[in-house]
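Engineer: generate coordinates for the sequence data below:
(4 chains, ligands or ions: 6)
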Amino acid sequence: MKSTPVTVLSNKRIAPHCFRMVLSGISEEFDVEPGRFIMLRVGDRYDPLLRRPFAAYVTETVRGKALEIFYAVVGYGTGIMSGMTPDTRLEVLGPLGNGFTIPDPSRRFLIVAGGMGIVPLRGLTHRLIDTNCHNIHVFAGAKTKSHLLFEEELKTREISFHPATDDGSTGYHGFVTDRLDRFLAKDLPKKGNGTVCFACGPSAMLEAVAGIADRYGIPCQVSLESRMACGIGVCLGCAVKLRNHRTPGPDNEYYGRVCVEGPVFESKDLVWPI
Amino acid sequence: MKSTPVTVLSNKRIAPHCFRMVLSGISEEFDVEPGRFIMLRVGDRYDPLLRRPFAAYVTETVRGKALEIFYAVVGYGTGIMSGMTPDTRLEVLGPLGNGFTIPDPSRRFLIVAGGMGIVPLRGLTHRLIDTNCHNIHVFAGAKTKSHLLFEEELKTREISFHPATDDGSTGYHGFVTDRLDRFLAKDLPKKGNGTVCFACGPSAMLEAVAGIADRYGIPCQVSLESRMACGIGVCLGCAVKLRNHRTPGPDNEYYGRVCVEGPVFESKDLVWPI
Amino acid sequence: MADLTTKIGKLTLKNPVLAASGTFGYGLEYSHYLDLNELGGIVVKGLSLHPRNGNPPPRIMETTGGMLNSIGLQNIGVEAFITEKLPDLRRYDVAVIANIFGNTIEEYAQVARRLSAVEGIAGIEVNISCPNIKAGGIMFGRDPGQAEMLTARVRKATLLPLLVKLTPDAPDISEVARRVQDAGADAISLVNTFVGMAIDVETATPFLSTITGGLSGPAIKPLALRLVWEVARKVTIPVVGMGGIASARDALEFIIAGAHAVQVGTANFINPSICIDIINGIRDYLHAKDIQNLNHVVGSLRIKGNEAASD
Amino acid sequence: MADLTTKIGKLTLKNPVLAASGTFGYGLEYSHYLDLNELGGIVVKGLSLHPRNGNPPPRIMETTGGMLNSIGLQNIGVEAFITEKLPDLRRYDVAVIANIFGNTIEEYAQVARRLSAVEGIAGIEVNISCPNIKAGGIMFGRDPGQAEMLTARVRKATLLPLLVKLTPDAPDISEVARRVQDAGADAISLVNTFVGMAIDVETATPFLSTITGGLSGPAIKPLALRLVWEVARKVTIPVVGMGGIASARDALEFIIAGAHAVQVGTANFINPSICIDIINGIRDYLHAKDIQNLNHVVGSLRIKGNEAASD
Ligand SMILES: Cc1cc2nc3c(=O)[nH]c(=O)nc-3n(C[C@H](O)[C@H](O)[C@H](O)COP(=O)(O)OP(=O)(O)OC[C@H]3O[C@@H](n4cnc5c(N)ncnc54)[C@H](O)[C@@H]3O)c2cc1C
Ligand SMILES: Cc1cc2nc3c(=O)[nH]c(=O)nc-3n(C[C@H](O)[C@H](O)[C@H](O)COP(=O)(O)OP(=O)(O)OC[C@H]3O[C@@H](n4cnc5c(N)ncnc54)[C@H](O)[C@@H]3O)c2cc1C
Ligand SMILES: Cc1cc2nc3c(=O)[nH]c(=O)nc-3n(C[C@H](O)[C@H](O)[C@H](O)COP(=O)(O)O)c2cc1C
Ligand SMILES: Cc1cc2nc3c(=O)[nH]c(=O)nc-3n(C[C@H](O)[C@H](O)[C@H](O)COP(=O)(O)O)c2cc1C
Ligand code: FES
Ligand code: FES
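Structural biologist: Numbers count the residues shown, from 1 in each chain, chains lettered A, B, ... in the order given. Ligands and ions are numbered 1, 2, ... in the order given. Down below sits the predicted model:
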């Protein structure tokens, strides 16, 4: 698995804060489990130097299999990306990381997304539906209605969609975590009760979700972000503090790599706040 | 005069070693004396960091006035330039430098070019023709016939065109300086004799031209290249050793700036080899 | 509108952005590209007692995110500066700081004294940090004792605000800074360039005539910033920070780390009006954060928890 | 085909390109991206007597042409390396060099002794230059006396080829190198990272948990190259050069400056198979120049005229 040269097929703004980029050139074997990611080299010079991590999704185009990423313009690299025209050549490393672990389809799935956190979770819901999961609740938080991604796509038969916006322009007016909490308060699952939770978003939000899930005894997988240099486990730059359940006591904390052991972790394995 | 944002209109290979790039976005007032140059910023990041100097020429396009440059792919920056597609946005500083000093039109003009040195001299010949100079000889050296630039363009009524190639694929088989020497040997001008010489090319070739011109007592202007950081006279990076004719003796040498006092110098003002 | 003024000894600057020595000529060259009156100040090319030819070419080479130079302090000499450049410069309402150097301590003092006798010089920056000359320069900047002696001598020669410009290549730069402060400097400027090298593998020769040269530009920013942060905590006089600044954010990093003002060097070559962009960017930042006074930003670095590296 | 082998003490390397410590994991991680057998060698992540947790995140930040890291030498410890990683590594025909460090000189010696007792280690690289830990590391590398003592002690603990990795932040790196040579080192590795810093101006906090970190990548190449050139002229043992190497040309610059071998660090993150590209590029260069043996390139820098900076 070498770095793959790819070509920008399209690159368009799809929301005030978000672009969709489609990259062609991946092989037919290229396949991505939901939650896994790629490292994208933003150009061929040394500025910017490091690759950028993005949730990976494989889509079909008229030209065959292509890689689809959705990115927010937050800094230097994504700023450069937003100006890229079709035919720009880039390099992709991946797919990398572990991806979500999907339990048996009979469970009830609570998907909790904050902002861009919806991106890997959207891939997850597709996979859930493909594997005949029927009881899916998506809680999606966004700044405003226009920042809410994939709304149409996720309002399907299998999914109950619960949006929440900061300004109340659609759905619940407030934090998505509050929306989740209210949902669970009304529909209290017994310990376990077959409910599982998947979350991705800002770390404060993830901490809140982890707390709620813990209170209701729901297993929870969270997908983390971390600055990365290599993406393949060698630089140890992406460390996150984990709890070693085998050795209790003060020494039971150690650093794991978001790029290899993650980006998806069981929330109980993480030392919060991250 | 700020740095001017320009847009690549076209960028095509016109010879094995040479690209033509046309840049739109210059103002109607933008005008370039032959021999002057621009500093082109190759992208908007810090790699490459410095602007690159290129001989400037103003051309007319369907979209109005545009800047035309011809460049050889010799290194990092020109390598990146060669991959640029139309609509790429760049920044141009200029026109900079002094340009050629054109004496009265009745003179005989010997234009001596080596390799890419033909580029600023082509602008000069256009200007000479525009100002009614009739006695123009162009000596153009190149590796092979296909490396010879502007051959068609320069074979006009006013110009005697004397090509020389390293492999003899067209014109004289050998150095352009030998061709020049033979020409002058046959057609020996008396001291002065109204002949003037303009040269641009590799420094060894310029030294040979300067030597020949000196032998025949012909005033000679040479256009130099030098690594440049600022292009506007402040960094002193582009220094070339000049002779101060007012102070004879060992202390009569000083450094001038190719970007301000040049790029065109009287060959007798230069301390050879440069 | 936020107050951008900042003080370097008794000198008040309009704003904290100065053009760095050797990258802004004698100032006038840039008058076509920006309004010199808007600058916090101009530090002119290093001046010596007598004119200097500088080093043979090639003198510069690009590196990744930076450049090497080995100009060798070519300059027209202090007299020519005073008669040929200063009269024009004086017509601008901008703080002109003269960067000076000499082969000997006495020469430094002479240049300083000469400049104190004329009108239109707002301050003197003593360059004890040029890596590209044999005598003088960095020799004085690496050794705390020499640096102190030199500063004390120049201090006696002038009443003008005195900035001493240090080299990052000193074995103990904080100690040099302390001693320079004790000797009466009004401010510390840092950093000058870092010694570097580049080789043309085609010919197996150095790209610079002097083999090594001084590295500047964005590449050195993290190194310069760390030194400014270190030194600013060790001295009580203001620090003027520089090294790779090419945006308002870069400048703010230095100010947050403790610099009272910054200088912009190599970035002027990339964009000749960049100093103005940086001044505007700093103003926008203060506005966005609702900060009334630049001084509230100086040294405002917040350290979370302890600064513990693991042990 | 040109002979690319090079010698580090009694160790003969297939070619001069090694993967640098801390950027290549324990080697195995890269087996999907390149054929480990083609490498000149692999320097594994720094090993200590006991496992180490390393520094709290955030640990890295990008800068122009470079990156800062403050990993803090997180590693699984020498025992786990021997039992969990080495057996797999041994299956490759590649020189495995163990990079080691300790909090005390005695710990360094213990790790070296432990590694000498097992099969499959081609050499030991002693890291006395990590800027990201409190005890050990750079402390030993800045002081020539300490560096000498430590080298002598480790020398006694092992018969394996011994490389000592120096810090560019030493006040007098050539002196450190000489003393390390005198104490019995077989080679000098340099450079480790330069101390740098980056600040998030939005929050006025450092980007790294440890405030400062080590700068690596193309940005530092001119600085590293100059140090390698300086040191290579002062010692008789081979120098293994590194710092910002990202192409065959970069590697050749170091070799021409005097390095017998090079290490590639940060560039592995940009392109995981870059070491192979560099090896091929060096081969092409020798071929194009019709040079039969890499050793003819080592230290081949030609200085035109005198190396005079103007005075
Ligand atoms: C596994 C994973 C998957 C991700 N998926 C997506 C996605 O699908 N869509 C999306 O918009 N974003 C995603 N992110 C975040 C994305 O990587 C960052 O927004 C991006 O790297 C910012 O780059 P920049 O150059 O614009 O920011 P700058 O701040 O200019 O970058 C500076 C450095 O910090 C790193 N960095 C900055 N912010 C982040 C961040 N939040 N996470 C990780 N590194 C960061 C950059 O990669 C770079 O090395 C993901 C991150 C991870 C770790
Ligand atoms: C006044 C002037 C006019 C020029 N006009 C033309 C022209 O019309 N067409 C053309 O093809 N070339 C021209 N050149 C040369 C051109 O500037 C270089 O070929 C170009 O800068 C090489 O850039 P690079 O990044 O590809 O080379 P690299 O070697 O990768 O560049 C490294 C550094 O060296 C500088 N450099 C390298 N070679 C030269 C050189 N020969 N002259 C000056 N700087 C150099 C670069 O600008 C850069 O700063 C001119 C040079 C000058 C000074
Ligand atoms: C071409 C050039 C010439 C310089 N000349 C001088 C000088 O004469 N005196 C001086 O004190 N510093 C000189 N410097 C150093 C700069 O003032 C500044 O300290 C250094 O370049 C770091 O800042 P930068 O990265 O913003 O360029 C020079 C730098 C460059 C690039
Ligand atoms: C993330 C990271 C971790 C590193 N860890 C080590 C280490 O454990 N031991 C060591 O001697 N050097 C370590 N280094 C330094 C590198 O081996 C190398 O000396 C330095 O990065 C310069 O080379 P480069 O610019 O090619 O990266 C590390 C560097 C990086 C970037
Ligand atoms: S990004 Fe390098 S170990 Fe995770
Ligand atoms: S390029 Fe800066 S002075 Fe000529």
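
Engineer: which parts of the stretch 1-150 of chain C are strands?
Structural biologist: Shown for the stretch 1-150 of chain C, the strands assigned by DSSP state E, counting those that start in this stretch span residues C:6-8, C:11-13, C:17-19, C:41-43, C:60-63, C:66-69, C:96-100, C:123-127.

Engineer: can you list the residues of chain C near chain A?
Structural biologist: By the rule CB under 8 Å from any CB of the partner chain, the part of chain C lying against chain A is C:64, C:65, C:218. Every residue, glycine included, has its C-beta placed from N, CA and C.

Engineer: got the confidence number for the first one?
Structural biologist: Reading off the per-residue confidence, residue C:64 sits at a pLDDT of 98.

Engineer: what's the burial count for it?
Structural biologist: Residue C:64 has 28 neighbours, counted by other CB atoms under 10 Å in any protein chain shown.

Engineer: give me the nearest residue to it, chain neighbours excluded.
Structural biologist: residue D:218 (3.6 Å; CB to CB, 6 or more residues apart in numbering or on different chains).

Engineer: the one you found is in contact with residue C:62, isn't it?
Structural biologist: No - contact status for residue D:218 versus residue C:62: not in contact, 11.8 Å apart, counting by CB atoms under 8 Å.

Engineer: quick one, which of those two is more surrounded?
Structural biologist: For residue D:218 versus residue C:62, neighbours defined as other CB under 10 Å are more numerous around residue D:218 (28 against 21).

Engineer: quick check: residue A:161 touching residue A:155?
Structural biologist: Yes - the pair residue A:161 / residue A:155 is scored as a contact, 5.0 Å apart, by CB under 8 Å.

Engineer: who has more neighbours, the two?
Structural biologist: residue A:161 (20 against 12).

Engineer: quick one: what helix or strand has the more buried one in it?
Structural biologist: Per DSSP states H and E, residue A:161 falls inside strand A:159-165.

Engineer: ditto for residue C:155
Structural biologist: Using DSSP H and E, residue C:155 falls in helix C:144-157.

Engineer: quick one: neighbours of residue C:231, just the number.
Structural biologist: Other residues close to residue C:231 by other CB under 10 Å number 25.

Engineer: from residue B:109, how far off is residue A:120?
Structural biologist: 70 Å (CB to CB, to the nearest Å).

Engineer: higher neighbour count, those two?
Structural biologist: Neighbours were tallied for residue A:120 and for residue B:109 using other CB under 10 Å; the higher tally belongs to residue A:120 (27 against 23).

Engineer: what about the longest helix along chain C and chain B, touching?
Structural biologist: In chain C, with assignment by DSSP state H, the single longest helix is helix C:274-289. No - applying CB under 8 Å from any CB, one finds helix C:274-289 separated from chain B by no less than 9.5 Å.

Engineer: same thing with stretch A:33-53?
Structural biologist: Yes - Stretch A:33-53 is in contact with chain B by CB under 8 Å from any CB, via A:43, A:45, A:46, A:47, A:48.

Engineer: okay, domains of chain A per the record?
Structural biologist: A:2-96, A:108-269 (automatic domain parsing).

Engineer: tell me the contacts of residue 15?
Structural biologist: Just going to use chain A. A:146, A:147, A:148, A:149 (CB atoms under 8 Å, 6 or more residues apart in numbering or on different chains).

Engineer: the intended chain is chain C.
Structural biologist: C:4, C:5, C:6, C:39, C:40, C:279, C:282, C:294.

Engineer: ok, it to residue D:268 distance?
Structural biologist: Counting by CB to CB, the gap from residue C:15 to residue D:268 is 43 Å.

Engineer: and the closest residue to residue C:257 other than its chain neighbours, which of the three is it?
Structural biologist: Nearest residue to residue C:257, sequence neighbours excluded (CB to CB, 6+ apart): residue C:229, at 4.0 Å. Secondary structure for residue C:229, judged by DSSP: H, G, I helix; E, B strand; the rest coil, is helix.

Engineer: over to residue C:180?
Structural biologist: With three-state DSSP as the criterion, residue C:180 reads helix.

Engineer: ok, it - contacts?
Structural biologist: C:147, C:148, C:151, C:164, C:166, C:188.

Engineer: just residue A:53 next, same as before
Structural biologist: Contacts of residue A:53 by CB under 8 Å, 6+ apart are A:37, A:38, A:39, A:40, A:96, A:225, A:228, A:231, A:259.

Engineer: from those residues, pick the one nearest residue D:197.
Structural biologist: The nearest member of these to residue D:197, counting by CB to CB, is residue A:228 at 20.2 Å.

Engineer: where in the stretch 51-200 of chain A is pLDDT low?
Structural biologist: A:188-193 (pLDDT under 70).

Engineer: tell me, how many residues neighbour the residue in the stretch 51-200 of chain A that ligand 4 sits nearest to?
Structural biologist: Using CB to the nearest ligand atom, the single residue of the stretch 51-200 of chain A nearest to ligand 4 is residue A:51, 14.2 Å away. A count of nearby residues for residue A:51, using other CB under 10 Å, gives 25.

Engineer: tell me the phi and psi of it?
Structural biologist: phi -70, psi 160 (degrees, to the nearest 10).

Engineer: in chain C, which residue sits closest to ligand 1?
Structural biologist: Closest point on chain C to ligand 1, by CB to the nearest ligand atom, is residue C:249, at 10.3 Å.

Engineer: now the residue nearest to that residue when sequence neighbours are not counted, what are its backbone angles?
Structural biologist: Counting by CB to CB, 6+ apart, the nearest residue to residue C:249 once its immediate chain neighbours are dropped is residue D:201, at 5.3 Å. Main-chain torsions, residue D:201, degrees, to the nearest 10: phi -70, psi -20.

Engineer: number of nearby residues for residue D:201?
Structural biologist: Considering only other CB under 10 Å, residue D:201 is surrounded by 19 other residues.

Engineer: that one and residue C:251 touch, don't they?
Structural biologist: No - counting by CB under 8 Å, residue D:201 does not reach residue C:251; the two are 9.2 Å apart.

Engineer: name the residues of chain C found near ligand 3, please.
Structural biologist: Within chain C, the residues that sit near ligand 3 (CB under 6 Å from any ligand atom) are C:20-23, C:45-46, C:69, C:71, C:73, C:99, C:127, C:130, C:165, C:192-193, C:216-217, C:220, C:242-245, C:264-267.
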